[in-house]
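Enquirer: predicted model, plus sequence, below.
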Amino acid sequence: MPHSSEHPADRHDLIRVQGARVNNLKDVSVELPKRRLTVFTGVSGSGKSSLVFGTIAAESQRLINETYSAFLQGFMPTLARPDVDLLDGLTTAILVDQERMGANARSTVGTATDANAMLRVLFSRIGQPHIGSPKAFAFNVPSVSGVGAMTVQKGEGKTERRSFSIAGGMCPRCEGMGSVKDIDLSQLYDDRKSLREGAFTIPGYNADGWNVRIFIESGFLDPDKPIRDYGEQELDDFLRKAPIKVKVGKLNLTYEGLLPRIQKSMLGKEKDAMQPHIRAFVDRAVAYATCSDCGGSRLSEAARSCRIDGVSIADACAMQIDQLAQWVEGLEEPTVAPLLGGLGRMLRSFVDIGLGYLSLERPTGTLSGGEAQRTRMIRHLGSSLTDVTYVFDEPTIGLHPHDIQRMNALLLRLRDKGNTVLVVEHKPEVIAIADHVVDLGPGAGTAGGRSSTRARWRGCGAAAR
């Protein structure tokens, strides 16, 4: 019996789109080669994003969401099927767009790319003095200890006393934030008034709202007494009480002191990510100062005491990434050679993509859209995932021409790992390296939405021919 040299699985080498009508697309049909770099071109409003993001990526995400249980799907956004006749050959799509990264105050360039995780392992292995596992260098992990009694169900059973401790790297004073906050209570409420009289001066704390009602009906406070007349216990319940369930009307709600409530709801984000009226309130009510214990490094004294060639992990995270890459490449320690190689390649990728001026301690909320997109790209370059579809939205925007060549090299590295790379782009330098080019147009809006595949393009690979 004759045997075909082609394996059946190798026939699925195309992403097929037929009859796409999302937004201004007019029955667009294209075939995109997998494991190749495809660039989508056209004037603004021609339908590039509608095809790439609104059709291909959206359907991939919808199909992935459907694999989760009904319980989990209840917490996810409901995605409708794109208006398209046929979508075939889709793989998992990962969007690398220009949206700013999450403004969690604990998120830094290092934590977002796993560079911090690799540094923590490095210092736990060869740093001196040895202080513990990688957790001992994590500013998001507090040190914990405890002691207690336990009953061992063995024979007649006996009670034993056990203790435990976990060495974390969090600075205890600033709780890993790098700065401490001094809140001006006079900006939170007018102590001459009672709660019922509208003492609160915080945005969103209206007299008839739930934020105020939970204080009035908690049972811990006298809502008709001016706050300045509160006793010591009543004032402590008002400002600092730990979370506890209370009955408000027919609902069971969680009551907690005003200061921790404000801390969680308003001060847990970077100021740049706050709404304007919230930012204005924070500016007048909160004074930020660098933590005097850790010097803004977020790390405990023990974590800062461990060094490699005189450099602590706090020093390493504060360096510019191009300088840190040189330091890592200069370390010679055979026992951690694979780790040093992986960390060096990741840091060098930052430099290659034009982000060598950043530091690992830089908060992600302060990155621009272009910086955030390239930072996500670094994370994916170090990923073990292959045969997935990466979708980029104008990755070269804001780049110097010299850095565009570096970006091109990284796009090709993603492709060469066996991934499908889809790029919405205008720059000729990026179009020139494409294996396949799809042009949308010819105009914008109602004059766009039609496709033409450029069979031959200078620099295109065999897949486009």
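Expert: Right, received. Where do you want to start? Residues are numbered from 1 along each chain as shown.

Enquirer: where does the stretch 1-150 of the chain have low pLDDT?
Expert: 1-4, 102-103 (pLDDT under 70).

Enquirer: and if we set it to 50?
Expert: 1 (pLDDT under 50).

Enquirer: quick one, helices of it?
Expert: Assigned by DSSP state H, counting those that start in this stretch, the helices in the stretch 1-150 of the chain fall at 48-51, 58-65, 70-73, 109-113, 115-126.

Enquirer: winner for burial among those?
Expert: When the helices of the stretch 1-150 of the chain are scored by mean count of other Cβ atoms under 10 Å, the highest mean neighbour count falls to helix 48-51 (a mean of 25). For glycine as for every other residue, the C-beta is placed from the backbone atoms N, C-alpha and C.

Enquirer: poorly predicted segments of the stretch 351-465 of the chain, please.
Expert: Judged by pLDDT under 50, the stretches of the stretch 351-465 of the chain that qualify are 455-465.

Enquirer: can you give me the strands for it?
Expert: With strands called from DSSP state E, counting those that start in this stretch, the stretch 351-465 of the chain shows them at 389-393, 420-424, 436-441, 450-454.

Enquirer: out of those, nearest to Glu371?
Expert: strand 389-393 (14.2 Å; Cβ to Cβ).

Enquirer: hmm, back to that, output the helices of the stretch 1-150 of the chain in TSV; the columns should cover distance to Ala432.
Expert: As requested, the helices of the stretch 1-150 of the chain are exported to TSV (distance: least, Cβ to Cβ, whole Å):
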stretch	distance to Ala432
helix 48-51	18
helix 58-65	27
helix 70-73	42
helix 109-113	29
helix 115-126	31
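
Enquirer: relative to Ala207, which of those is closest?
Expert: Among the helices of the stretch 1-150 of the chain, helix 70-73 sits nearest to Ala207 (Cβ to Cβ), with 38.3 Å.

Enquirer: need the per-residue pLDDT for Ser305.
Expert: The confidence metric pLDDT takes the value 95 at Ser305.

Enquirer: can you tell me the closest non-neighbouring residue to Arg413?
Expert: Spatial nearest neighbour of Arg413, excluding adjacent residues (Cβ to Cβ, 6 or more residues apart in numbering): Leu381 at 6.3 Å.

Enquirer: can you check Gly370 too?
Expert: Gly398 (4.4 Å).

Enquirer: burial of the one you found, as a residue count?
Expert: The local packing of Gly398 (other Cβ atoms under 10 Å) involves 15 other residues.

Enquirer: I'd like the distance between it and Phe350.
Expert: Distance of Gly398 to Phe350, computed by Cβ to Cβ, to the nearest Å: 16 Å.

Enquirer: go on, Cys294?
Expert: Cys294 is 25 Å from Phe350, by Cβ to Cβ.

Enquirer: same check, this time on Gly344
Expert: From Gly344 to Phe350 the distance is 11 Å (Cβ to Cβ).

Enquirer: overlap of the contact sets of these two?
Expert: Ala325 (Cβ atoms under 8 Å, 6 or more residues apart in numbering).

Enquirer: more neighbours, those two?
Expert: Phe350 (24 against 19).

Enquirer: for my notes, confirm that one occurs in a strand.
Expert: No. Counting by DSSP: H, G, I helix; E, B strand; the rest coil, Phe350 is not part of a strand but helix.

Enquirer: need the contact list for it.
Expert: Ile321, Asp322, Ala325, Gly356, Leu358, Ile378.

Enquirer: from Ile202, how far out is the nearest residue to Glu425 once chain neighbours are set aside?
Expert: Spatial nearest neighbour of Glu425, excluding adjacent residues (Cβ to Cβ, 6+ apart): Val39 at 5.3 Å. Distance, Val39 to Ile202, using Cβ to Cβ: 50 Å.

Enquirer: looking at these two, which is more packed in?
Expert: The neighbour count for Val39 versus Ile202, taken as other Cβ under 10 Å, is higher for Val39 (28 against 19).

Enquirer: of the helices of the stretch 1-150 of the chain, which is nearest Ile431?
Expert: helix 48-51 (12.4 Å).

Enquirer: residues contacting the residue nearest to Arg413?
Expert: Met346, Ser349, Leu410, Arg413, Leu414.

Enquirer: per-residue pLDDT, the second one?
Expert: Each residue has a pLDDT score; the one for Ser349 is 87.

Enquirer: kindly report the domain assignment for the chain.
Expert: 8-100+368-464, 109-175+294-344, 180-290 (automatic domain parsing).

Enquirer: in which helix or strand would I find Trp327?
Expert: Per DSSP states H and E: Trp327 is located in helix 321-329.

Enquirer: with distance to Met266 as extra columns, can I get the strands of the stretch 351-465 of the chain in JSON lines?
Expert: What follows is those, written out as JSON lines (distance: least, Cβ to Cβ, whole Å):
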{"stretch": "strand 389-393", "distance to Met266": "31"}
{"stretch": "strand 420-424", "distance to Met266": "36"}
{"stretch": "strand 436-441", "distance to Met266": "43"}
{"stretch": "strand 450-454", "distance to Met266": "47"}
